[in-house]
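Asks: 3D model of this:
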Amino acid sequence: MNYVVATFYKFVALPDCAQKQAELLEQSQYWSVRGTVLLATEGINGTIAGRPEAIEQVLTDLHSDRRFADLTVKTSTAADWPFRELKIKIKPEIVTFGQPDISPSDQVGTYVAPQDWNELIQDPEVTVVDTRNTYEVAIGTFQGAQNPQTDSFRDFPDYVHGHLDPQTHRKVAMFCTGGIRCEKATAYLLQQGFEAVYHLQGGILKYLEDVPTEDSLWQGECFVFDDRVALRSGLELGSHHLCSNCGYPIAHDATVCPDCHAPQSTHCAQ
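Replies: Got it, this is the predicted structure:
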């Protein structure tokens, strides 16, 4: 039987995140769920995996908290455990951006459904920006998207100041893996004076799930932060593995890691 992988996040005031950590840990351990959940006073961000009935129970418990009653969950499947352990951590931010005055709870860009994304990013007046890091962009992105060449999401504000101007780039559309980074990225652009800011609702994963391959403007595969490494259209397992030397995502037929240049043996491919 396949394992269910559930991904979710929500920006919401969570002053009792230590208590929520204890509750989630107890529930997840009881149901033998694995994965990573980050909690902060600004909200929750997690990806967990387990048997279908286990994931259902943990999510039911989460939804019973009125603050998470409308929590949106994206699910996919994995033939094997995509995580090796369970981690439920308290962090300063649920996605590290380093801009404490940015609050997606106050303002964010305009959400664009996957079905409407193609039309938006083909508009010549729209600047399309991939908010992910270099190693993620390297294995897949949307046609025509700018690569900010960042090693960390903390670097994104520097990219904005060096490459985007609210007077020149009047329409900006951004995307990321599941949508959470774009919450802060769009909030930041709005704070900087950009007026028309859009982001892909549900992120790349929702686009790959909803948009047929023949209509897709996605090129390559989408890096994911678990042992599956990458997914393709329809959320099917991709063809990348991680370099055993540096952890960089590599195509299954690569003989040398493009990052650290370590030789790769075919037995490493998944």
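
Asks: need the longest helix for this protein.
Replies: helix 17-30 (DSSP state H).

Asks: average pLDDT for that helix?
Replies: Averaged over helix 17-30, pLDDT sits at 97.

Asks: who touches that helix?
Replies: The contact list for helix 17-30 (Cβ atoms under 8 Å, 6 or more residues apart in numbering) reads 14, 33-35, 37, 39-41, 44, 48, 57-58, 61-62, 65, 86, 88-90. Using the backbone N, CA and C atoms, a C-beta is placed for each residue, glycine as well.

Asks: what about the helices in the chain?
Replies: Secondary structure of the chain (DSSP H): helices at 17-30, 52-63, 114-121, 134-137, 156-163, 180-191, 203-210.

Asks: figure out which of those helices is closest to residue 9.
Replies: helix 180-191 (4.5 Å; Cβ to Cβ).

Asks: returning to what we had before: just name the most buried of the helices of the chain.
Replies: Highest mean neighbour count among these (mean count of other Cβ atoms under 10 Å): helix 180-191, with a mean of 24.

Asks: by how many degrees do that helix and helix 156-163 diverge?
Replies: Relative orientation of helix 180-191 and helix 156-163, computed by axes from the mean of the first three to the mean of the last three Cα atoms, to 10 degrees: 50 degrees.

Asks: name the helices or strands packed onto helix 180-191?
Replies: Judged by 3 or more Cβ pairs under 8 Å, 6 or more residues apart in numbering; DSSP states H and E, helix 180-191 is in contact with strand 3-11, helix 156-163, strand 171-175, strand 196-200.

Asks: could you dump it to CSV, C-alpha only?
Replies: What follows is helix 180-191, C-alpha atoms only, in CSV (Å, rounded to 0.1, in the frame of the first residue of the first chain):
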residue,chain,number,x,y,z
ILE,A,180,4.4,29.3,1.4
ARG,A,181,7.5,31.2,0.2
CYS,A,182,5.3,33.2,-2.1
GLU,A,183,3.1,34.3,0.8
LYS,A,184,6.1,36.2,2.3
ALA,A,185,7.6,37.2,-1.1
THR,A,186,4.3,38.8,-2.3
ALA,A,187,3.8,40.5,1.0
TYR,A,188,7.4,41.9,0.7
LEU,A,189,6.8,43.2,-2.8
LEU,A,190,3.6,44.9,-1.8
GLN,A,191,5.5,46.6,1.1
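
Asks: show the model's pLDDT score for residue 269.
Replies: You'll see residue 269 listed with a pLDDT of 42.

Asks: cool, and residue 264?
Replies: 85.
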